[in-house]
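Trainee: Just to be clear, the model below is a prediction. Sequence and coordinates:
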Amino acid sequence: MNIRITYPGGRIDVFDTGAYATSAPFDSKNMLTDFEIGLGDIEEEGLWLVANYYAAKPEFRKGAAGIPVARRSRGWRFLLSTAEEAKELCDVTVDGEMVIARVAGDVCNMREFESAALMRIGASNDGVLERIRKLHAFMVIETGEENPAIPGVTKTAVEYALAAMKKQPEKGDARVVSEDWGDMDEADW
């Protein structure tokens, strides 16, 4: 797993768990490593990576009927970003997928947001602000509320996204780009 944290001013921290997934840190008895990243309250608690492991020990075979069961054991906790650093971070990606983003100064759980968005408005290549706007419009209809809660996104971030997207030109005013070949149509050159 590759975790990237981006901070203002160009600082990027990259953590790679690939070397850690071997059985070496766990007395050569690890058969499966379980990584856990807590995305809630990072500005108060920091951003932590927890590595648990499933031990395959000979004593687990004793008394087992059939296939023995490896048991999950607590491994180690790693502080990736302190609470103070988390108050400044721009985004966090896990294996290239943005899981935390700062929108309008607020930390938003993009994993929670994308789960809700995928279920309601589907996948798209739209930017974060446009996807927030689209999910908000859908949830207004779904809930009947004027300002429904958007999963993973703070109210301030939703208001910012709605205001920012309102200022964007309408599709009819924007330059149309043909994507038939994955590139711009020569007529627009």
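Mentor: Happy to help now that I have it. Given the structure is predicted, the values throughout are model-derived calculations rather than measurements.
Trainee: Please make it C-alpha for all contacts and neighbour counts, starting now.
Mentor: OK.
Trainee: low-confidence ranges in this structure?
Mentor: With pLDDT under 70 as the threshold, the chain has low-confidence stretches at 19-29, 60, 64, 169-189.
Trainee: Could you pull out the helices in it for me?
Mentor: Using DSSP state H, the helices assigned to the chain run over residues 42-45, 83-86, 110-120, 128-143, 155-166.
Trainee: could I get those helices as TSV with distance to D95 and mean neighbour count?
Mentor: What follows is these, written out as TSV (distance: least, CA to CA, whole Å; neighbours: other CA atoms under 10 Å):
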stretch	distance to D95	mean neighbour count
helix 42-45	19	16
helix 83-86	19	16
helix 110-120	13	17
helix 128-143	18	18
helix 155-166	25	16
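Trainee: out of these, which comes closest to T93?
Mentor: Comparing those against T93 with CA to CA, the closest turns out to be helix 110-120 (9.7 Å).
Trainee: ok, and what's touching that closest one?
Mentor: For helix 110-120, contacts defined as CA atoms under 8 Å, 6 or more residues apart in numbering pick out 98-101, 123, 131, 135, 138, 150-153.
Trainee: Emit the ChimeraX select command for whichever of these are buried.
Mentor: Listed next is the ChimeraX selection for buried residues among the contacts of helix 110-120, using 16 or more other CA atoms under 10 Å:
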select :98,99,100,101,131,135,138,150,151,152,153
